[in-house]
Structures are given as structure tokens and as C-alpha cells.
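[1] here is a sequence with its predicted model. Questions after.
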Protein chains: 2
Amino acid sequence: MRLAPDAIDRILARWPVARMATLDAAGRAELVPVVFALCDGALWTPIDGKPKRGTELSRVRNLRRDPRVALLFDHYDDDWDRLWWLRVDGRGEVVPARGPAAERALAALRAKYPRYASGATAVSSGEPTLIRIAVERRLGWAARADLAIC
Amino acid sequence: MRLAPDAIDRILARWPVARMATLDAAGRAELVPVVFALCDGALWTPIDGKPKRGTELSRVRNLRRDPRVALLFDHYDDDWDRLWWLRVDGRGEVVPARGPAAERALAALRAKYPRYASGATAVSSGEPTLIRIAVERRLGWAARADLAIC
């Protein structure tokens, strides 16, 4: 059944990981797991955030060419009555990690991920960059109506 | 660092869930979590397998229009030193769940997922259908060389 809007809000605020698709030059989906934070109504994911490596450049190249982004948030469980997923379509923009909006997003990332807060991993290194994703469409499904999500 | 071929083989043989992207009529990535089994060198995912609902028709429509499929296998962990991911690009084909090759794939799905073996969930209902994905490219990354994967 469809996920209720408040369940979708909770997932976007709290879930630790999303799988993100951008589109390469040939129009193929390029998938990567990303960490993210919800801030000012948009989803923000750091270029230098984990999980990553080896694909950050193609991700950025892809977005400059075609801003369409798809994100999947889901929980897999051997008990299939506990499954749910949420799909978000959006438009991604590569933005420098400076200025008030980016500072708020960086603070949200540090608050959500202890590894950033501790300084063990820099949110951004080198030329600091973020991807800001404007949410266009949200569609979620759950195996059961009474499922506790997040 | 790059995942070694034997680690990739283990993930494809054992990991319980993949996130799959097909391409819709507008060329947008459409993401859904899928269960799958490796059989005869290809990846097989049932249309009626969990997690699903609501998207099986669009998935099938997408593949008939454009066979390009991207799959992501990954493990998220709060300890970022334990992260890894594997991306597979392939070509998907919608095939009826009958005949010797499909029977072997259905047996592999039942062997991998207790829910199918127990009969609690039919691997396929209605017009039985499978998606067969021919693997074209595998690319994997792990945070550490000594990571135990699967």
C-alpha cells in the first residue's frame, strides 16, 4: 500500500542511506549509495561524503549535463511483511559548499552523521561541493499499513 | 579500492537484495528494490517477487522499450570503514517462467529465499514472468582491502 506523507517525511529526515541514480552521457542510469540530509526542504548530499570514491566526478559530470536524479530509500528484511520503499524524483544541482544555505546543509549533515561531527571524515575536502536535490515527486510503498517506519 | 572478482562473484551469489534501475519513456531512471538469483551466469529477478507492487508493469514496459538495466548491491553501515558497493550494468529481457532455463532460475530463487521455498509467497503468480539480466559490466568498491564481504 501507499506510504502516508508523514511516513515519507520521517524517512527523508532520518534514514541514513539512499541509492542515487544519475544519467550518463549515453542515458544509462549510474547508481551509487549516498548519505544525505534534509535541509530547507531539499535533500543535500556531499560529493566527498561516504559511501563514494571513483564515481564522484562522473556524478558531477552527469548532473551538469542532465539534472534528473532518482533516489531510492528502502529497508530490506528477510521478513517480507516488513518491507517498504520510497522513490523520489528530483533535480540535482552541484553547488559550492559555502554561503548560508550550504552552511545549514553542512550543519545538518554533521548533526545526522557522527563521523562528520567527530571530524574523523571531512564532509567536503578539496574544492568543497554539495549536490542539492529539489524534490519533484515522492512515491512510497509498504507491505503493511501498520508498519513502523523509522 | 576496487573489489576483487571473487568478492564480486560472492556478492552476486549470496547478497539478498539489489536496487534496480530501468529507464522510463522519458529516459528517467526508475528505481526499485528487487530480489534475485544468479543462475547460468545471468541474474534473474521475478516480476512477482518481493519487494515490489505497483511498479511491475512499468518495469516490464521500460525493459521492452530499452533493455538497459543498472543494479546496485551495497552494504550500509554506521562504520564507514565497512562500506562496499558493486554496480552491474546489463541488459534485461522479460521472459516467461517456463522452459528448462526458467525452471532452473525458479529453483535458484526458491533455494535462496525461504519465503519462496515455503510456498508462503509464490515466485510468480498470474502470468508467470521473470526478468533475465545479462551482465555486461561489473564495478565494485570497498573502503578497505581486508573487508569480509558476504
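    Yep, that arrived.
[2] for chain A, what lies in contact range of chain B?
    A:16-17, A:19, A:21-23, A:27-33, A:50-51, A:53-55, A:68, A:70-72, A:74, A:76, A:78, A:80, A:83-85, A:87, A:89, A:114-115, A:121, A:139, A:141, A:143 (C-beta under 8 Å from any C-beta of the partner chain). Where you see a C-beta, it was placed from the backbone N, CA and C, and this is true even at glycine.
[3] which parts of chain A are helices?
    A:5-14, A:56-65, A:100-112, A:114-117 (DSSP state H).
[4] of these, which shows the lowest average pLDDT?
    Of all the helices of chain A, mean pLDDT reaches its minimum on helix A:114-117 (a mean of 84).
[5] other SSEs contacting that helix?
    The contact analysis (3 or more C-beta pairs under 8 Å, 6 or more residues apart in numbering or on different chains; DSSP states H and E) places helix A:114-117 against helix A:100-112.
[6] in the helix it packs on, what's buried?
    A:Ala102, A:Ala105, A:Leu106, A:Ala108, A:Leu109, A:Arg110, A:Lys112 (16 or more other C-beta atoms under 10 Å in any protein chain shown).
[7] restricting to C-alpha, output the helix or strand of chain A with the lowest mean pLDDT in PDB.
    Lowest mean confidence among the helices and strands of chain A (mean pLDDT, DSSP states H and E): helix A:114-117, at a mean of 84. In PDB, the C-alpha atoms belonging to helix A:114-117 read as follows (Å, rounded to 0.1, in the frame of the first residue of the first chain):
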ATOM      1  CA  PRO A 114      28.600  11.200  13.900                       C
ATOM      2  CA  ARG A 115      31.500  10.500  11.600                       C
ATOM      3  CA  TYR A 116      31.200  14.100  10.200                       C
ATOM      4  CA  ALA A 117      30.600  15.600  13.700                       C
END
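[8] quick check, distance from that helix to the centre of its chain.
    In terms of C-alpha atoms, centre = their mean, to the nearest Å, the centre of helix A:114-117 is found 17 Å from the chain centre.
[9] which residues in chain A form strands?
    With DSSP state E as the criterion, chain A has strands at A:18-23, A:29-34, A:37-39, A:42-46, A:68-75, A:84-96, A:129-142.
[10] which one of those strands lies closest to B:Leu63?
    With respect to B:Leu63, and counting by C-beta to C-beta, the nearest of these is strand A:29-34 at 12.7 Å.
[11] in chain A, which residue is most central in space?
    A:Phe36 (4.3 Å; C-alpha atoms, centre = their mean).
[12] was I right to think that one contacts A:Ala42?
    No - here A:Phe36 lies out of contact with A:Ala42, judged by C-beta atoms under 8 Å, at a distance of 9.9 Å.
[13] anything in contact with each of the two?
    Applying C-beta atoms under 8 Å, 6 or more residues apart in numbering or on different chains, one finds that A:Phe36 and A:Ala42 are jointly contacted by A:Ile133.
[14] and the buried residues of helix A:100-112, which is closest to A:Ala148?
    Nearest to A:Ala148 among those is A:Lys112, at 20.1 Å by C-beta to C-beta.
[15] do you know the pLDDT at A:Glu136?
    You'll see A:Glu136 listed with a pLDDT of 98.
[16] same list (the helices of chain A) but as a markdown table, adding distance to A:Ile133.
    Shown next, in a markdown table, are the helices of chain A (distance: least, C-beta to C-beta, whole Å):
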| stretch | distance to A:Ile133 |
| --- | --- |
| helix A:5-14 | 11 |
| helix A:56-65 | 9 |
| helix A:100-112 | 11 |
| helix A:114-117 | 18 |
